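>>> structure, please.
(2 chains)
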Amino acid sequence: MFQEKYHQIERVLRACTGEEDVLLTTGGDHADLASTIAFKLAKKQKRPPHQIASDIAGKLSRNPELGDLQIEAVGPYVNFRFGPSLLAEAVREALEPGYGKLPAHSERVVLEHTSANPNGPLHVGHIRNTVIGDSLARAFRKAGYPLEVQYYLNDMGRQVATVAWGLDHLGIAREEGEKEDHYVARVYVAANREIQENPGITEEIDHLMQEMERGDPETAGKFRAVVSLCVEGIKATLAALNASHDRFVWESDFVRIGDVDRVIERVRRLPQTHEDETLWVDLSEQGFEKKYILRRSDGTSVYSTRDLAYHTWKGRNYDRLIDVLGADHKLIGAQLQATLKLLGEQPPEIVYFEFVSLPEGSMSTRAGKFVSADDLIEEVTAKAFEEVTIRRPELPEEERRAIAKSVAIAAIRYDIVKVSPEKSTVFDWKEALNFERQSGPYIQYAHARACSILEKAGEFEQAYRYETEHEVALARHLARFPVVVEQTVKELRPHHLASYARELADLFNAFYHYNPVLKSEGETRSSRLTLVDAVRNTLKESLETLGIDALRSM
RNA sequence: GGGCCUGUGGCUUAGCCAGGAUAUAGCGCCGGGCUUCUAACCCGGACGUCGAGGGUUCAAAUCCCUCCAGGCCCGCCA
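Numbers count the residues shown, from 1 in each chain, chains lettered A, B, ... in the order given. Reported below is the predicted structural model:
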């Protein structure tokens, strides 16, 4: 409804003013939509803007095509407000299962996110990638795109080689009940400490990497064992976070099947490519002063080479490539894009997010200095369980545990997704454990409330008469959900969804306190119940797009 | 030194790309509200030179320039 109305008003304003850009925006508190076109025309017509606005409003008010729209000039602004029948239509649409779904696109999208090195558990920095990536993935599916989500597994890097070496030489046993990825991290930290004391080990690790690249079966087996072990743990964490990947792509496969050799051959034919002891691309014309090295002097490939092969493969199998990467990848990401362009391949769109640090400084897996996602989930779940137990002591423990789990993931995911990706953040336990307003559980609570009202109401006739300011504000807000989904995929910024869901919960809570539902009567009761149902559905759809469980009771 | 990002009340944050109507919200603070649909809630109040300066414009948190502060990057690591 909202989009149709937007485009219709835009069309009519164009016809009325003769201007191409009619400066139509959302009007905030003042209106559903508003135009500042009068300012622009004031200059051309040499008349005061409020007169022009008033003229336009007068003309449009007599236009029957616009239907149930209140049009008013307020000073220099032309304001449009949805009338009762449009609000009814908005609520009717919001009741539909899957509300917010946009018309299907045929463009096949591949979205890569998380892709953390398999040398330890995901930490609170990695899961910013996971939460942004998974929320975007859900938004893309909601926006009607066929989508595949991938995790690129760096299974032949120095980190993995270091762990493989550590397992062979340090005799560290896995502890009882220790999660795979945490065990791998322990070996990794110990191996790094060993290297510090005895730098000669670096040569042994270099040798392992060369053997791996050569395809030596014994070495490959060792690497695969390390990575498989670690990935088991990582997958469990991702599942706990409600994040999923359709495919894990192993970096070494591109070496094994010859794609890396093929891409090197193609790069070699570029005029920008130089070969001395290494093979490198001169990207200075593209604005990069650093050499983009693709083959070491010992003949082995580097991460960038394999990444080039991976993206070439993606470009051939999908129409649109999206990567979610930490801000530390900005340079290498831009070099990758530039080189793919030189090769005539499709470069990825890259969503960068800035760093998450700890109050005491940057995180480091190597130094064992990080807060793991598993510890975070455990702490937040424990706090959530306490809360549920205080509020709902009568519920069986099993049910309280299930609620606590969902509440914890809601708190964690929302806390991360609500902040714009370009903002660097400092991880804060107090914020993570806060379940009040502007949190995931706050929104879940609004949803549970709506469910509870509907359950008590039983059967009711649908009706659509909205008069109080709270009813009208809710109906207006419901209409915007599909626009927010559209905006999220257009800008690749999932935090819009987070703001939207919170605003909807805010409006619903205010409505709840001022407009009794079950105690009202007749058409008012039916209309309010219908509205509550529409809010419930829209909250559910927006929560699920954020990867948060829409609990019916909490 | 160079590149990218950020700077909005004590703290966190939306708005900035597509300039317009009293700058969004939370935490914290002060005050009020649970025999009434779940108080993980609601209402009221105090708190802002939108980092600083200049420019463009009828109009700047938003665009441009300079400066300051913080983060990230500048490896034959990934």
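
>>> could I get the full set of helices for the stretch 201-350 of chain A?
Along the stretch 201-350 of chain A, the stretches classed as helices by DSSP state H, counting those that start in this stretch are A:201-214, A:217-240, A:251-256, A:259-268, A:303-317, A:330-342.

>>> dump those helices to CSV, plus mean neighbour count.
Using the backbone N, CA and C atoms, a C-beta is placed for each residue, glycine as well. Shown next, in CSV, are the helices of the stretch 201-350 of chain A (neighbours: other Cβ atoms under 10 Å):
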stretch, mean neighbour count
helix A:201-214, 17
helix A:217-240, 18
helix A:251-256, 20
helix A:259-268, 17
helix A:303-317, 20
helix A:330-342, 18
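
>>> pipe the ones you listed into JSON lines and attach mean pLDDT and distance to A:Ala143 per row.
JSON lines is the format used below for the helices of the stretch 201-350 of chain A (pLDDT from 0 to 100; distance: least, Cβ to Cβ, whole Å):
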{"stretch": "helix A:201-214", "mean pLDDT": "91", "distance to A:Ala143": "40"}
{"stretch": "helix A:217-240", "mean pLDDT": "96", "distance to A:Ala143": "23"}
{"stretch": "helix A:251-256", "mean pLDDT": "93", "distance to A:Ala143": "30"}
{"stretch": "helix A:259-268", "mean pLDDT": "95", "distance to A:Ala143": "31"}
{"stretch": "helix A:303-317", "mean pLDDT": "96", "distance to A:Ala143": "20"}
{"stretch": "helix A:330-342", "mean pLDDT": "95", "distance to A:Ala143": "24"}
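
>>> wait, which of the ones you listed is closest to A:Arg128?
In terms of Cβ to Cβ, the element of the helices of the stretch 201-350 of chain A nearest to A:Arg128 is helix A:217-240, at 13.5 Å.

>>> distance from the chain centre to the closest one, please.
In this view, helix A:217-240 has its centroid 25 Å away from the chain centroid, taken as Cα atoms, centre = their mean, to the nearest Å.

>>> so which of the helices of the stretch 201-350 of chain A comes closest to A:Gln444?
Proximity to A:Gln444 (Cβ to Cβ) singles out helix A:217-240 among the helices of the stretch 201-350 of chain A, at 16.9 Å.

>>> nearest spatial neighbour of A:Asp428, chain-adjacent residues omitted?
A:Pro359 (7.5 Å; Cβ to Cβ, 6 or more residues apart in numbering).

>>> what's the neighbour count on the one you found?
8 (other Cβ atoms under 10 Å).

>>> quick check: it vs A:His329, distance?
Distance, A:Pro359 to A:His329, by Cβ to Cβ, to the nearest Å: 24 Å.

>>> ditto for A:Lys222
28 Å.

>>> now the helices for the stretch 451-554 of chain A?
Taking DSSP H, counting those that start in this stretch as the criterion, the stretch 451-554 of chain A carries its helices at A:469-479, A:481-491, A:495-514, A:522-545.

>>> host element of A:Gly81?
Careful, residue A:81 is Arg and not Gly. strand A:77-82 (DSSP states H and E).

>>> my guess is A:Ser444 meets A:Asp549, correct?
To be clear, residue A:444 is Gln; Ser isn't right here. Yes: with contact defined as Cβ atoms under 8 Å, A:Gln444 counts as touching A:Asp549 (7.3 Å).

>>> more crowded one of the two?
Remark: of A:Gln444 and A:Asp549, A:Gln444 carries more neighbours, 27 against 20, as counted by other Cβ under 10 Å.

>>> contacts only, for the more buried one.
Taking Cβ atoms under 8 Å, 6 or more residues apart in numbering, we find A:Gln444 in contact with A:Ser406, A:Val407, A:Ala410, A:Leu543, A:Ile548, A:Asp549, A:Ala550, A:Leu551, A:Met554.

>>> nearest spatial neighbour of the second one, skipping sequence neighbours?
Meaning A:Val407. Nearest to A:Val407 is A:Ala384, by Cβ to Cβ, 6+ apart, at 4.1 Å.

>>> circling back to that earlier point, from the contacts of A:Gln444, pick the one nearest A:Ala90.
Proximity of the contacts of A:Gln444 to A:Ala90 (Cβ to Cβ) peaks at A:Leu543, which lies at 19.4 Å.

>>> and for that closest one, the neighbour number?
Counted with other Cβ under 10 Å, the neighbours of A:Leu543 add up to 25.

>>> from A:Ala410, how far off is it?
Taken as Cβ to Cβ, the span from A:Leu543 to A:Ala410 is 8 Å.

>>> now do the shared contacts for those two.
A:Ile443, A:Gln444, A:Asp549.

>>> tell me what the nearest residue to A:Thr26 once chain neighbours are set aside is bridged to.
Residue nearest to A:Thr26 in three dimensions, not counting chain neighbours: A:Leu33, with 6.3 Å by Cβ to Cβ, 6+ apart. Here A:Leu33 sits in beta bridges with A:Phe80, going by DSSP bridges.

>>> coming back round to it: okay, and the common contacts of A:Gln444 and A:Asp549?
A:Ser406, A:Ala410, A:Leu543.

>>> tell me the pLDDT at the last one?
Translated: A:Leu543. At A:Leu543, the model reports a pLDDT of 97.

>>> show me the strands in chain A, by range?
Using DSSP state E, the strands found in chain A span residues A:24-25, A:33-35, A:69-74, A:77-82, A:109-112, A:147-153, A:247-250, A:273-275, A:279-281, A:292-295, A:320-326, A:349-353, A:356-357, A:425-426.

>>> these: which one's closest to A:Pro97?
strand A:147-153 (20.3 Å).

>>> the closest one - what's its average pLDDT?
On average, strand A:147-153 scores 97.

>>> and that strand, which strands flank it?
By DSSP bridges, strand A:147-153 pairs with strand A:109-112 (parallel), strand A:247-250 (parallel).

>>> A:Thr25 bridge partners, please.
Under the criterion used (DSSP bridges), A:Thr25 bridges to A:Ala34.

>>> nearest to RNA strand B, of the strands paired with strand A:147-153?
Ranking these by proximity to RNA strand B (Cβ to the nearest atom of the strand) places strand A:247-250 first, at 11.7 Å.

>>> okay, buried residues for the closest one please.
A:Phe248, A:Val249, A:Trp250 (16 or more other Cβ atoms under 10 Å).

>>> rewinding a little: how about the helices of the stretch 451-554 of chain A in TSV, adding distance to RNA strand B?
Output for these, formatted as TSV (distance: least, Cβ to the nearest atom of the strand, whole Å):
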stretch	distance to RNA strand B
helix A:469-479	9
helix A:481-491	6
helix A:495-514	4
helix A:522-545	8
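
>>> mind putting those into CSV with distance to A:Val263?
Output for the helices of the stretch 451-554 of chain A, formatted as CSV (distance: least, Cβ to Cβ, whole Å):
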stretch, distance to A:Val263
helix A:469-479, 49
helix A:481-491, 30
helix A:495-514, 36
helix A:522-545, 36
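
>>> closest to A:Ile37 out of those helices?
Of these, nearest to A:Ile37 by Cβ to Cβ is helix A:481-491, at 20.7 Å.

>>> okay, the strands paired with strand A:147-153 in JSON lines with distance to RNA strand B and mean pLDDT next?
JSON lines is the format used below for the strands paired with strand A:147-153 (distance: least, Cβ to the nearest atom of the strand, whole Å; pLDDT from 0 to 100):
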{"stretch": "strand A:109-112", "distance to RNA strand B": "13", "mean pLDDT": "98"}
{"stretch": "strand A:247-250", "distance to RNA strand B": "12", "mean pLDDT": "97"}
